[in-house]
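*Asks:* Any chance you can model this:
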Amino acid sequence: MKITKHILAACILTGMAACDTDKEIAVFNEDSGAIKINAVIDATYTRSNPTGTNEQQMQFNNGDQILLSCEDGSVTYMLAGGQWAPTDNYYLRWGNEPVTYSAFYPVTEGTSVANFSLPINQQSLENLASADYMTCTVEDAINEGSGVLHLNMNRRMAKVIMTLDDIDSQSKALGVKIGSYQGYTDGNVSSGTALVSPYVTIPEGGKAGQSGCKYTAIVAPGAANPNSTFVSLNYKGEDLVLPGIPAIKAGFCYEFTLKVEGSVIRLSEPIVTPWETGTIHGGDATELQLDAYYVKEHATGNATGMDWDNAMGVDGLRNLLRTNTNSAITTANAKKLDGKNIYVAGGTYLIADQEAGLKIEYSGYSKQVEIKVVGGYDPQSTRKDLSKRDPVRYLTTFTGDANNNGIADAGDYSLFTLGNQIDITFEGCTFSCGYHPNEKINGYSGGFLIANGSSGNATLQLNHCIIEKCYNAGVNGSGEAGGSGIFMYKGTAKLNHVQLRNNKASSRGGAIRVNDSGSILFMNNCSITGNEGGQFGYAIQMSNGHLCMNNTTVTNNSGRDGTINGAGSMLIVNSTIIEDGAQNSGAVIRCESWPARQSFLMNNIILNKNADKPVIEMSGSDERHLTSKGYNLVGGTIIPVSTNKFTTSEFDKYNSMISSLNVVWDANRSVYTWDGNVNEFTRTTADAVKNAITTGFKPDSCPFQNLGEEFGKWLEEVDAFSTDQLGNPRDKNAMWPGAYQK
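*Replies:* Next up is the predicted model:
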């Protein structure tokens with residue numbers, strides 16, 4: 001007798017078997033040629049008695065039925081009094097030649113050796129047992145003298161047990177369901193999925209829906225299915241789902257611990273128990289992730305984020321990204337998110353309130369977790385359609401305005417705080433704390449806080465984004481104000497086509513503040529306008545670190561002691577920096593950088609509209625230094641007047657007044673336009689600018705040995721030299737200074 005796990009669609013009769021339709025059951029028992037069966041379960045456990053002792057789980061129950069078939073026909077046997085006998089007047093007899101037989105359990109409508117529909121109501125022991133699908137094929141069977149055909153039934157299903165833990169004693173988990181494939185079709189696992197109502201075991205002295213309750217379900221095994229629900233329940237009046245049916249093997253038991261944290265279902269790694277060998281701990285099946293996540297202003301469908309029809313809302317997004325105090329869960333989240341895209345439909349998303357913003361940190365993970373958030377999709381998008389994207393029409397705004405009234409709420413928060421091991425990219429998004437210029441508030445309502453506490457390795461990348469209406473009167477209660485749009489303790493920020501506008505700080509850095517020598521700020525094609533700072537860098541404050549800026553406009557900001565200020569290194573090329581000295585005290589650029597920091601200027605327009613105010617101020621001791629690499633148009637005085645701190649170039653043009661340049665502010669496009677009419681001014685080339693960047697900029701205290709080279713690579717990636725800030729073609733052989741070329 002040979003046992004095979006392959007399903008045969010038909011029995012091949014190689015000898016003679018008789019199906020006697022005239023015999024009574026009593027005759028069956030007396031007929032030495034009748035085929036009698038002995039059915040055993042080919043494993044240590046059976047789910048026919050899924051909650052019984054080990055011995056009980058190895059046994060069939062009285063009343064269980066097995067259908068046996070061959071080419072001549074089929075007969076149903078039922079277990080009664082420890083004996084299997086046909087249920088009607090038909091039975092099979094042994095012939096003289098070997099015959100192949102097939103059998104299956106349970107005998108229900110539509111079930112065969114190749115087909116089985118999983119019962120989704122398993123709330124009773126009887127229903128649970130009816131889900132225990134088994135099959136057996138005996139090839140070339142012959143009568144060995146006893147007349148008994150031995151059937152070793154093979155399990156085609158798996159068992160899942162989930163135990164509740166850490167449930168609020170005042171609450172209950174209601175309506176728990178477990179996801180599964182729907183059974184077998186033509187010998188293969190069905191493609192469709194269903195939610196099973198499991199059998200519930202309540203511990204002694206316990207209560208339904210609280211810690212200790214166990215939920216047992218028989219499920220169809222199969223490959224991982226990240227888009228189908230694995231667990232659903234109702235907790236504190238909210239319907240919650242956990243997507244991602246894991247890969248499950250037939251003949252195994254998977255035991256999970258189930259917890260609910262806020263609005264998120266959490267599962268432990270399973271204990272996996274093969275029926276043949278006992279218990280193995282950990283890792284055979286895990287919570288699987290989606291390929292991408294979809295977010296709408298209001299959650300839809302099952303809110304898993306699997307597609308637009310089941311999009312998660314802002315609470316789901318917050319729970320997906322935020323740091324968890326449980327390091328194991330944080331690591332699981334890192335695996336779930338690394339390399340994934342999150343697509344966000346147009347709408348307003350309250351990501352922060354007076355109590356806290358969203359902190360994203362994956363300390364302990366082996367690498368930076370790379371996440372990309374893409375906004376601007378049509379809220380009416382369905383399924384996984386990504387064709388309807390227009391970031392201007394479908395504005396995607398992350399806000400901290402809890403009252404949604406355009407006035408910032410008092411309190412200390414950043415919309416996003418980036419900690420260790422995170423590299424997050426936002427594309428086509430707006431970040432607004434709702435600050436109103438006439439509103440006097442205390443605290444910090446900022447955009448981004450990078451590597452809070454000067455620890456870790458955090459990277460922020462913004463493409464075609466806006467940061468506006470953020471306010472800082474003291475970071476997180478520390479009293480250290482500044483950097484209302486972006487405050488960099490430590491890390492890297494790469495800003496491409498970003499507007500920072502109408503932000504305010506009571507101290508340094510109305511829009512951006514960089515605070516650590518290891519921090520790096522790359523900027524291309526950005527606009528920094530309408531920001532206000534109390535002192536020292538009322539647009540950008542480089543208290544330390546490294547600024548690399550290309551093709552950027554900085555204007556119409558207000559404060560004192562320099563639009564761009566600091567002791568950090570500065571590489572500013574192809575940019576327009578124009579301020580109104582009548583509104584501000586101090587210079588447009590105030591430099592405290594020492595020679596080793598190698599601060600450079602090349603091919604810029606740097607003007608102070610008020611000729612009585614300085615355009616460049618070299619502050620501090622004689623060790624401070626700034627170098628022109630040439631081709632700058634500089635309008636205004638330089639102080640001190642007589643100094644060796646500022647190394648000029650013969651290719652610069654000084655005292656270029658705004659009236660003679662015909663520079664015109666275009667408020668709609670946030671850029672200065674002009675006619676390029678500068679007498680006797682030599683143009684530079686794109687290659688010359690690139691060479692100055694990549695070979696000459698190697699400031700000390702930098703994570704990169706050649707920061708200019710790294711900046712140059714990034715500029716090539718974003719195609720920074722082919723067009724000006726408005727998208728007009730650049731003449732690479734005759735580059736206009738500034739961010740505009742007609």
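*Asks:* Give me the sheet partners of whatever helix or strand Ser69 lives in and which way each runs.
*Replies:* Secondary structure from DSSP states H and E places Ser69 in strand 65-70. Using DSSP bridges, strand 65-70 pairs in its sheet with strand 73-80 (antiparallel), strand 99-105 (antiparallel).
*Asks:* Which of those has the lowest mean pLDDT?
*Replies:* Out of the strands paired with strand 65-70, strand 73-80 stands lowest, with a mean of 89 (criterion: mean pLDDT).
*Asks:* Which residues belonging to it are considered buried?
*Replies:* 74-75, 77, 79 (16 or more other C-beta atoms under 10 Å). Where C-beta positions appear, they are placed from N, C-alpha and C, glycine not excepted.
*Asks:* how close does Asn679 get to Leu607?
*Replies:* As judged by C-beta to C-beta, to the nearest Å, Asn679 and Leu607 stand 17 Å apart.
*Asks:* neighbour-wise, which of these two wins?
*Replies:* More crowded of Asn679 and Leu607, by other C-beta atoms under 10 Å: Leu607, with 27 against 6.
*Asks:* show me what contacts the more buried one?
*Replies:* Residues near Leu607 by C-beta atoms under 8 Å, 6 or more residues apart in numbering: 577-579, 588, 615, 633-636, 656-658, 661, 663.
*Asks:* mind running it again at 10 Å?
*Replies:* Taking C-beta atoms under 10 Å, 6 or more residues apart in numbering as the criterion, Leu607 is in contact with 555, 576-581, 588, 615, 633-636, 656-658, 661, 663, 672, 738.
*Asks:* Now restrict those residues to buried residues only.
*Replies:* When these are checked against 16+ other C-beta under 10 Å, the ones flagged as buried are 555, 576-581, 588, 615, 633-636, 656, 658, 661, 663, 672, 738.
*Asks:* ok, Glu680 - how many residues close by?
*Replies:* Glu680: 5 surrounding residues under other C-beta under 10 Å.
*Asks:* So which of the buried ones among the contacts of Leu607 sit within strands?
*Replies:* 555, 576-579, 615, 633-635, 672 (DSSP state E).
*Asks:* and Glu680, what does it touch?
*Replies:* Neighbour list for Glu680: Lys653 [criterion: C-beta under 10 Å, 6+ apart].
*Asks:* ok, Gly727 - how many residues close by?
*Replies:* When neighbours are counted by other C-beta under 10 Å, Gly727 comes out with 9.
*Asks:* Quick check: it touching Ala739?
*Replies:* No. Look at Gly727 against Ala739 with C-beta atoms under 10 Å: they stay out of range, at 11.5 Å.
*Asks:* Quick check: neighbours shared by the two?
*Replies:* Contacts common to Gly727 and Ala739, judged by C-beta under 10 Å, 6+ apart, are Asn525.
*Asks:* rewinding a little: redo the buried residues of strand 73-80 as CSV? Include distance to Lys645.
*Replies:* Shown next, in CSV, are those (distance: C-beta to C-beta, whole Å):
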residue, distance to Lys645
Ser74, 99
Val75, 103
Tyr77, 100
Leu79, 99
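*Asks:* Nearest to Phe522, out of these: which one, please.
*Replies:* Ser74 (73.9 Å; C-beta to C-beta).
*Asks:* Secondary structure element holding Val196?
*Replies:* Here Val196 is assigned to strand 193-196, by DSSP H and E.
*Asks:* Can you give me the buried ones in the helix or strand immediately after that strand in the chain?
*Replies:* Toward the C-terminal end, the helix or strand that comes next after strand 193-196 (DSSP H and E) is strand 199-201. For strand 199-201, burial by neighbour count (16+ other C-beta under 10 Å) applies to Tyr199.
*Asks:* for strand 199-201, packing partners?
*Replies:* For strand 199-201, the elements it packs on are helix 125-129, strand 158-164, strand 214-219, judged by 3 or more C-beta pairs under 10 Å, 6 or more residues apart in numbering; DSSP states H and E.
*Asks:* hey, C-alpha coordinates of the last one in PDB?
*Replies:* Read it as strand 214-219. C-alpha atoms of strand 214-219 as PDB (Å, rounded to 0.1, in the frame of the first residue of the first chain):
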ATOM      1  CA  LYS A 214      -8.600  32.400  23.000                       C
ATOM      2  CA  TYR A 215     -10.000  32.400  19.400                       C
ATOM      3  CA  THR A 216      -9.500  29.200  17.400                       C
ATOM      4  CA  ALA A 217     -10.100  28.900  13.700                       C
ATOM      5  CA  ILE A 218      -9.400  26.300  11.100                       C
ATOM      6  CA  VAL A 219      -8.000  28.000   8.000                       C
END
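*Asks:* Output the below-cut-off pLDDT ranges for the stretch 601-742 of the chain.
*Replies:* Filtered on pLDDT under 70, the stretch 601-742 of the chain yields the residue ranges 620-622, 641-644.
*Asks:* Phe711 touches Thr694, doesn't it?
*Replies:* Yes. Counting by C-beta under 10 Å, Phe711 does reach Thr694; the two are 7.8 Å apart.
*Asks:* hmm, back to that, pick the one among the ones in strands among the buried ones among the contacts of Leu607 closest to Met549.
*Replies:* Ile577 (9.1 Å).
*Asks:* was I right about that closest one contacting Thr563?
*Replies:* Yes. Taking C-beta under 10 Å as the definition, Ile577 is a contact partner of Thr563 at 6.3 Å.
*Asks:* any common contacting residues for the two?
*Replies:* In contact with both Ile577 and Thr563: 528, 539-540, 554-555, 557, 588-589, 606, 608, using C-beta under 10 Å, 6+ apart.
*Asks:* Next one: the spatially closest residue to Gly400 that is not a sequence neighbour from Val344, what distance?
*Replies:* Distances taken as C-beta to C-beta, 6 or more residues apart in numbering place Ala352 nearest to Gly400, at 3.9 Å, with adjacent residues excluded. Distance of Ala352 to Val344, computed by C-beta to C-beta: 16 Å.
*Asks:* Thank you, goodbye.
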